[in-house]
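Chemist: any chance you can model this:
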Amino acid sequence: MTAMNLAVTPGPVPTRTMALAVVGGLACALAIGKALPVAMDTVSGVLAPLCAAAAESSPLDKVEPIGSYALPNVPGKRVTIVRVVYGPGGFSRPHRHAGSVTAYITKGEIRSQLGGGPVETFSVGQSFFEPPGSTHLVSANASSTEPAELVAVFVADEGAQLTTLLE
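Modeler: Alright, predicted model coming up:
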């Protein structure tokens with residue numbers, strides 16, 4: 001199963017098309033960010049709940065804020081971009097996110113499992129999508145010797161807690 005089969009669209013979407021869509025989304029978010037500057041304290045406040053979740057993952061793992069921008073054409077919504085770095089053998093506890101999340105693998109391989117779906121492994125250049133309210137049961141570095149990274153793009157309500165850890 002490919003990452004594209006997780007989306008609610010008829011038939012698979014080519015990996016290249018999805019990668020271009022993710023890159024285009026990032027470019028748009030960055031352009032909006034330059035057009036509508038956001039104070040760093042606002043960005044920190046928006047990202048704090050997400051970054052706090054990183055403290056409850058494995059050692060050597062971190063979530064680095066890239067940017068957070070209000071969407072002027074969608075009142076009440078915000079796009080937030082983060083880099084998730086997993087050290088060798090790193091992982092996140094089961095969790096869910098507010099809004100929609102698209103993840104793009106930039107280094108290594110990431111194992112992921114949503115809800116009752118299969119555990120899948122994604123490599124550099126691949127992406128996966130998490131619909132709002134999905135339970136992310138497995139999010140981990142597939143390697144016990146090399147680091148792995150992904151860039152996650154969230155689209156959620158303004159002020160939403162982006163990550164909620166599950167018990």
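
Chemist: and the gap between Tyr82 and Gly117?
Modeler: Quick fix: residue 82 is Val, not Tyr. Using C-beta to C-beta, to the nearest Å, one gets 23 Å for the distance from Val82 to Gly117. Any C-beta I mention is one placed from the backbone N, CA and C, and that applies to glycine too.

Chemist: and what of Phe154?
Modeler: Applying C-beta to C-beta, the value for Phe154 to Gly117 is 20 Å.

Chemist: continuing past the lowest-mean-pLDDT helix or strand in the chain, what's the next helix or strand?
Modeler: None of the helices or strands of the chain scores lower by mean pLDDT, DSSP states H and E than helix 40-54, at a mean of 41. Remark: after helix 40-54, the chain's next helix or strand is strand 62-70, criterion DSSP states H and E.

Chemist: my hunch is that Val151 is in a helix, does that hold up?
Modeler: No: secondary structure of Val151 (DSSP: H, G, I helix; E, B strand; the rest coil): strand, not part of a helix.

Chemist: hmm, Ser100 is touching Phe129, no?
Modeler: Yes: contact criterion C-beta atoms under 8 Å: Ser100 and Phe129 qualify, at 7.2 Å.

Chemist: could you check the pLDDT of Arg16?
Modeler: The model reports Arg16 with a pLDDT of 48.

Chemist: wait, I meant Gly116
Modeler: 84.
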